[in-house]
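*Asks:* After the sequence you'll find the predicted model.
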Amino acid sequence: MSLLIRRARILTLAPPKSESGAILPGGRRGAALRDLGVIARGDVLVQDGKIAAVGPDLPVPTDAETIEADGRVLMPGFVDCHTHSCWAGDVSEAWEREVRLAPEKQPTQSERMRPIVQSVRDATRKQLAAALRTRLDRVLAAGTTTIEIKSGFGLTIDAELKQLHAVQRAAQDWPGTVTPTALLGHALDGDSATYTRMVVREMLPAVWHEFPGITVDARCAADAWPVEACVRLFERARNHGLPIRVTAEEHAPTGIVAEALKLHARSIDHLESASKNDLVALAAAHTFAVMTPAAAFHSRGRYGRAGAFVDSGGLLALASDYGPLTAPTYSMPFVLALAVRYCGLTPAEAIVVTTVNAAAALGLSDRGTVETGKRADLILLRHRDERSLAYEFGDDPVDVVIAAGRVIRGPSADRRKDASVDSPRPDTAR
């Protein structure tokens, strides 16, 4: 069965060429962030879960399902490369108290985590997976076809493994893609030296034995892991061939950026309070900066200087930071709207860093562009001008979602649901 999307305004995000004519692989920098590779009116043919052809007036296969775009924007699905979307518990009451407190009286991140940590420890793997699967279905309907999900709410070996297995279980048969991350250095549980030693010597080996190749993350902050402990964790992870990521510089500089660059971290995330010198050094490196404007919005804090960073030639991605504490939103269009208003990005830059660059930050090269041979993760907007993604906020701009060539949301998906509802149910009483 083929799928043909007809007469769309296609944002191919096809890779630009260098002055020599060679294709530039990987993440985009500088002026390439503003090149959306637009085909003003064209078609996209999908076969076997991949993009088979892109161009104007493609022939219609006899078995093709067709979607009429009528000039609406067709683009890659969003890639959300930093989330905490596997959790248990409810923090609504605690949050209501927090919003009434003065900034100097706000609880630390570790203090806010405690009820979530206890709820995760009390929940079964099946319960965690079921709650996450519900969230994943909402995420997909909103246009995010690839999502990174961190552990980090367990803080014990058994609870961290339970979280990672729950992520694995929820991702089974989900049409999108889930990339797990072991956030082993999220917070401290007891004495700092004793706890960090246990994580490095015992928790990390337990995790890599059950999840070979998994990315390891740590949060470096005054109320979380100190620089020295992060470096020990990352060095041991690197010795076993595991990619590393760092969550840092949310509220104050820590000194971890230089160390993370030495260790060739895949990304350094948040960076709202990063120093100018650190951002300059990061911009010159092959490490991604992953900024999370929704977290700044939720905490009423400082926004990352994304515009200045990309003007310096840095590799940038944006993410939602979706989770119960930092950013209770999975809306990537809302992230775009914030980034353009408060982080200094153009709408085109915001689109690139939530698709192709976010995929590259996760080490994924088979998505994020609309090109022949790429995975058919696509969204069709209700807009005919892609700038409306950032201009409007608080609404739902996505009309059709396609994951691996399967229509998840749209006319054909609605027809399948209707047929399922209308079809007679088997007589289970016999």
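*Replies:* It's in. None of these values were measured; they are calculated from a predicted model.

*Asks:* in the protein, which helix has the most residues?
*Replies:* helix 125-141 (DSSP state H).

*Asks:* Please give me every residue in contact with the most centrally placed residue in the chain.
*Replies:* With distances taken as CA atoms, centre = their mean, the chain has Asp80 as the residue nearest its mean C-alpha position (1.7 Å). For Asp80, the residues meeting the contact criterion (CB atoms under 8 Å, 6 or more residues apart in numbering) are Val139, Thr144, Thr146, Ile147, Glu148, Ala319, Ser320, Tyr322, Tyr330, Met332, Thr354, Ala358. All C-beta atoms are positioned from the backbone trio N, CA, C, and that covers glycine.

*Asks:* about what we covered before: so what does the longest helix of the chain touch, helix or strand wise?
*Replies:* Helix 125-141 sits against strand 144-150, helix 157-171, strand 398-403, strand 406-409, with contacts defined as 3 or more CB pairs under 8 Å, 6 or more residues apart in numbering; DSSP states H and E.

*Asks:* please redo it, this time with the cut-off set to 10 Å
*Replies:* Here helix 125-141 touches strand 78-80, helix 109-122, strand 144-150, helix 157-171, strand 177-185, strand 398-403, strand 406-409, going by 3 or more CB pairs under 10 Å, 6 or more residues apart in numbering; DSSP states H and E.

*Asks:* Start from the N-terminal end of the stretch 301-430 of the chain and give the strands.
*Replies:* 316-318, 378-381, 398-403, 406-409 (DSSP state E, counting those that start in this stretch).

*Asks:* Partner strands of the first one and their direction?
*Replies:* This points to strand 316-318. According to DSSP bridges, strand 316-318 forms sheet pairs with strand 288-291 (parallel).

*Asks:* The last one too?
*Replies:* Based on DSSP bridges, the strands next to strand 406-409 in the sheet, each with its direction, are strand 398-403 (antiparallel).

*Asks:* Give the rounded mean pLDDT of the partner strand.
*Replies:* Strand 398-403 carries an average pLDDT of 98.

*Asks:* Per-residue pLDDT of the nearest residue to Arg135 once chain neighbours are set aside, please?
*Replies:* Closest residue in space to Arg135, ignoring its immediate chain neighbours: Ser85 at 5.3 Å, by CB to CB, 6 or more residues apart in numbering. pLDDT recorded at Ser85 is 98.

*Asks:* got it, and the one 10 residues further on?
*Replies:* With respect to pLDDT, Trp95 scores 90.

*Asks:* hang on, the earlier thing: most tightly packed of the strands of the stretch 301-430 of the chain?
*Replies:* Ranked by average neighbour count under the criterion mean count of other CB atoms under 10 Å, the strands of the stretch 301-430 of the chain are headed by strand 316-318 at a mean of 31.

*Asks:* Arg7 is in contact with Asp43, correct?
*Replies:* Yes: taking contacts as CB atoms under 10 Å, Asp43 lies within contact range of Arg7: 6.9 Å.

*Asks:* Quick check on the two: which one has the bigger neighbour count.
*Replies:* Asp43 (22 against 17; other CB atoms under 10 Å).

*Asks:* Give me the number of neighbouring residues for the residue nearest to that one when sequence neighbours are not counted.
*Replies:* Leaving aside its sequence neighbours, Asp43 sits nearest to Leu58 (CB to CB, 6+ apart; 4.1 Å). Counted with other CB under 10 Å, residues neighbouring Leu58 total 17.

*Asks:* Hmm, Leu58 is touching Ile39, no?
*Replies:* No: if you go by CB under 10 Å, Leu58 and Ile39 don't touch, sitting 11.4 Å apart.

*Asks:* re earlier: any idea how far Ala361 is from the residue nearest to the centre of the chain?
*Replies:* Using CB to CB, to the nearest Å, Asp80 is found at 11 Å from Ala361.

*Asks:* got any residues that touch both of the two?
*Replies:* With contacts defined as CB atoms under 10 Å, 6 or more residues apart in numbering, the residues shared by Asp80 and Ala361 are Glu148, Ala317, Leu318, Ala319.

*Asks:* Contact partners for the third one?
*Replies:* Leu318 is in contact with 78-82, 289-294, 304, 306, 332, 335-336, 338-339, 343, 345, 349-355, 357-358, 361, counting by CB under 10 Å, 6+ apart.

*Asks:* what do you get for Val257?
*Replies:* Contacts of Val257 (CB under 10 Å, 6+ apart): 220, 227, 246, 248-249, 265, 268, 271, 274-275, 277-279, 281-282, 285, 287, 289.

*Asks:* what residues go with each domain of this structure?
*Replies:* 2-76+369-417, 79-361 (automatic domain parsing).

*Asks:* before we move on, the earlier item: CSV for the helices and strands packed on helix 125-141, including distance to Val99?
*Replies:* Listed next are the helices and strands packed on helix 125-141 as CSV, based on distance: least, CB to CB, whole Å:
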stretch, distance to Val99
strand 78-80, 25
helix 109-122, 13
strand 144-150, 25
helix 157-171, 28
strand 177-185, 26
strand 398-403, 30
strand 406-409, 33
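
*Asks:* Send over stretch 385-400 as PDB, restricted to the C-alpha atoms.
*Replies:* Provided in PDB are the C-alpha atoms of stretch 385-400 (Å, rounded to 0.1, in the frame of the first residue of the first chain):
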ATOM      1  CA  ASP A 385       2.800  29.500   5.900                       C
ATOM      2  CA  GLU A 386       5.200  27.700   8.200                       C
ATOM      3  CA  ARG A 387       5.800  30.900  10.200                       C
ATOM      4  CA  SER A 388       2.400  30.500  11.700                       C
ATOM      5  CA  LEU A 389       3.900  27.600  13.800                       C
ATOM      6  CA  ALA A 390       5.800  30.200  15.800                       C
ATOM      7  CA  TYR A 391       3.300  33.100  15.400                       C
ATOM      8  CA  GLU A 392       0.300  31.300  16.900                       C
ATOM      9  CA  PHE A 393       0.400  29.600  20.300                       C
ATOM     10  CA  GLY A 394      -1.900  27.600  22.500                       C
ATOM     11  CA  ASP A 395      -3.700  25.900  19.600                       C
ATOM     12  CA  ASP A 396      -3.200  22.700  17.600                       C
ATOM     13  CA  PRO A 397      -1.600  23.400  14.200                       C
ATOM     14  CA  VAL A 398      -1.300  19.700  13.100                       C
ATOM     15  CA  ASP A 399      -3.900  18.200  10.800                       C
ATOM     16  CA  VAL A 400      -2.200  14.900   9.800                       C
END
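
*Asks:* Now do Ala130 against Cys86, distance only.
*Replies:* Following CB to CB, the distance that separates Ala130 from Cys86 is 11 Å.

*Asks:* When these two are compared, which one has more neighbours?
*Replies:* Set Ala130 next to Cys86 and count neighbours by other CB under 10 Å: Cys86 wins out with 27 against 14.

*Asks:* Alright, I will stop here.
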